[in-house]
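Novice: Below is the structure, and that's it, no one-letter string:
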């Protein structure tokens, strides 16, 4: 359940999903001490998580603990581009070409191009998009690891 | 575009959730599936990556952009997605400008790849593939051949070049070897090293053909 709550808070954009999940579990445990309060565990868990997420957003807005928008210094950006260039080489040629073709689809006919790409590979557009996301994830992890190694 | 399996909240619901524009019932449904399914979390992340990409390319509406920036201001995960999308955009733009293998550009090999068919409006798409190189076949076992199935109306031919596209569109000519005439000519769009052409079945009766065009020195195939 903790992993599931972490997924929810990560998707919700919480700055610390692990702690948020722990807080919800603590509240659920406290509620469980009162007999008869919880009749449907799934619904109750979701309601507690959603309320906590709302509380956190309000608190965040009050404290204005804003994270600056990602306007990166040029050097940092250029380092990341360098890492990404290197990480591209770790992809299989098929995956590399697939990602480039997918991302380069012009905005106006993007959907059509993606559908055609999926058809050519006997995939549904959704399955192709998920495959692209896995490739992006692989690259993101590679860039992150290289950045850590270079620190 | 990303689509969700039937029992999951769909892409537009997830977009609303990520942009903090969904109502309580929708949020509960998404939370419930997220708590139960790791695959759904992947799906949500893929939709978020799509939003990040649209944000970087400035393709979001004013309202969506404002909502996304609100999310961005509190979420380190979203910030990472945006930074990655921006970096990827920069690297892809550089790759577009830079020809990768200029030395091989003159000796472009051609491949005929997946060929798709439509059998009437209700019929499923049939896929056949035919891979050839100019002058010889990839498998080295005779001429590449294609046999039309009943109901096929056209042939989509994908010619994979060995290097990146030199130009966006190429004039392609298919010559009939038997008749010594041009069976078909037209433009083929080039994307990521691939030329795509759609040829009506009526112009390809049984016989031998050769594809010519910019960067293709002659790719033979046979229609049975």
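Specialist: Cool, the structure landed. This one's a predicted model, so the numbers in the text were calculated from it and none came from an experiment.
Novice: Scan chain B for its longest strand.
Specialist: In chain B, with assignment by DSSP state E, the single longest strand is strand B:181-191.
Novice: Compute the number of surrounding residues for residue A:119.
Specialist: The local packing of residue A:119 (other Cβ atoms under 10 Å in any protein chain shown) involves 17 other residues. C-beta here means a position set from N, CA and C on the backbone, and glycine is covered the same way.
Novice: Which of the three states applies to residue B:68?
Specialist: Look at residue B:68: counting by DSSP: H, G, I helix; E, B strand; the rest coil, its state is helix.
Novice: What score does the closest residue to it other than its chain neighbours have for pLDDT?
Specialist: Spatial nearest neighbour of residue B:68, chain neighbours left out: residue B:55 (5.4 Å); criterion: Cβ to Cβ, 6 or more residues apart in numbering or on different chains. Per-residue pLDDT puts residue B:55 at 92.
Novice: Same question for residue B:83.
Specialist: 89.
Novice: contacts for the helix or strand hosting it?
Specialist: Using DSSP states H and E, residue B:83 maps to helix B:76-97. For helix B:76-97, contacts defined as Cβ atoms under 8 Å, 6 or more residues apart in numbering or on different chains pick out A:10, A:13, A:15, A:67, A:69-70, A:72, A:77, A:80-81, A:84-85, A:88, A:100, A:103-104, A:136, A:139-140, A:143, B:48-49, B:52-53, B:55-57, B:68, B:71-72.
Novice: Can you show me the helices along chain B?
Specialist: For chain B, the helices defined by DSSP state H cover B:11-18, B:24-36, B:38-56, B:62-74, B:76-97.
Novice: in the shortest one, what's buried?
Specialist: When you say that, I think you mean helix B:11-18. B:11, B:13-18 (16 or more other Cβ atoms under 10 Å in any protein chain shown).
Novice: Show the backbone phi and psi for the closest residue to residue A:90 other than its chain neighbours.
Specialist: Closest residue in space to residue A:90, ignoring its immediate chain neighbours: residue A:142 at 5.9 Å, by Cβ to Cβ, 6+ apart. Dihedral angles of residue A:142 (phi, psi; degrees, to the nearest 10) stand at phi -60, psi -50.
Novice: hang on, isn't residue A:142 packed against residue A:80?
Specialist: No - counting by Cβ atoms under 8 Å, residue A:80 is not a contact partner of residue A:142; they are 11.3 Å apart.
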